[in-house]
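**Student:** coords please:
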Amino acid sequence: MLLAGAANASEPFQLLFNGKNLDEWIIDTPGLWSARDGVITGKSSGLKYNDFLRTKKQYKNFILKVTFRVTDPSGKANSGVQFRSKSIHGSHEVIGYQADIGQQYWGCLYDESRRRKVLAQASEEALAKIRKDGWNEYVITANGNRITLQLNGVTSAEWVEQEEGIEDSGFIALQLHSGPALEMQFKDLMIRELPD
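**Tutor:** Numbers count the residues shown, from 1 in each chain. The predicted structure is shown next:
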C-alpha cells in the first residue's frame, strides 16, 4: 500500500503496517504484541528482558515516520524505535540505532547493545514539544552516515557516524523495555526508501 509523500508524489511512502495484523512482522515473544484498529500495541505485565517487534525487511537509507504513545502515567516507561538493527543470536536483544522514548531519553539517539550509550542528546526545543500523555511523532532520516531525528516536527538529534564497521542497514523494530508493566502503542508507520 502506497501513500504519496507530501514533498514529492513521485517518491511515495510505503506503509510498514497494514492496520489489521502483524503478518509482515517478526514477533519475538508471543502474547506481547497485537494489532487492532490501525494500532500496534505492545503490552507486558513486567519483563526481565527487552523485547522487539521486527520488520522482515532490511532497510538502509530512508525516511521513517512513526506515531506513538506511552500509556504510563508514572513517567517511568522506556521504549524506542530501532533502525539499521541486527539480531543477537540466542538473545532477545538487538544491536543498532534507537530513537529513544521515555524517562530522560525522549528524543535521544541511543546505540542499543553495541556502544550502549546515548550518541546524541535531544534538543531543548524538541523536549518542549513532547506530549507525555498523548500521541507523538518521530521522523527518522538515515542517509549514508547521517542520522536525524525529528520529534513532533522539531529536530531533536543529529548524528554523523564516524566509527568504522558500524552497520548501515538492518531491520526496523519497536521496543518493549525490560522492567515494570508497560504498554506502548504505535500507528501510522511508513517509510520512504532513499537511493544509496
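
**Student:** Quickly run through the sheet partners of the longest strand seen in the chain, with directions.
**Tutor:** Using DSSP state E to define each element, the chain has its longest strand at strand 179-193. Using DSSP bridges, strand 179-193 pairs in its sheet with strand 13-15 (antiparallel), strand 39-47 (antiparallel), strand 62-70 (antiparallel).

**Student:** which parts of the first one are buried?
**Tutor:** Using 16 or more other C-beta atoms under 10 Å as the test for burial, strand 13-15 gives Phe13. From N, CA and C alone the C-beta is placed, and that goes for glycine too.

**Student:** Now do that strand, average pLDDT.
**Tutor:** Here strand 13-15 scores 94 as its mean pLDDT.

**Student:** Which helix or strand contains the most centrally placed residue in the chain?
**Tutor:** Ranked by distance to the mean C-alpha position of the chain (C-alpha atoms, centre = their mean), the top residue is Val81 at 1.4 Å. Per DSSP states H and E, Val81 falls inside strand 78-87.

**Student:** any idea of the angle that strand forms with strand 62-70?
**Tutor:** 140 degrees (axes from the mean of the first three to the mean of the last three C-alpha atoms, to 10 degrees).

**Student:** after strand 78-87 comes which helix or strand?
**Tutor:** Downstream of strand 78-87, the first helix or strand assigned by DSSP H and E is strand 94-102.

**Student:** separation between Met184 and Leu149?
**Tutor:** In this view, Met184 and Leu149 are 17 Å apart by C-beta to C-beta, to the nearest Å.

**Student:** where in this structure is pLDDT low?
**Tutor:** The model of the chain has pLDDT under 70 over residues 1-10, 73-75.

**Student:** State the distance from the nearest residue to Ile166 once chain neighbours are set aside to Ile63.
**Tutor:** Nearest non-adjacent residue to Ile166, counting by C-beta to C-beta, 6 or more residues apart in numbering: Arg114, 7.8 Å away. When distance is defined by C-beta to C-beta, Arg114 is 23 Å away from Ile63.

**Student:** And the nearest residue to Glu137 once chain neighbours are set aside, how far from Gly144?
**Tutor:** Counting by C-beta to C-beta, 6+ apart, Thr67 is the residue found nearest to Glu137 once chain neighbours are left out, at 4.8 Å. Distance, Thr67 to Gly144, by C-beta to C-beta: 26 Å.
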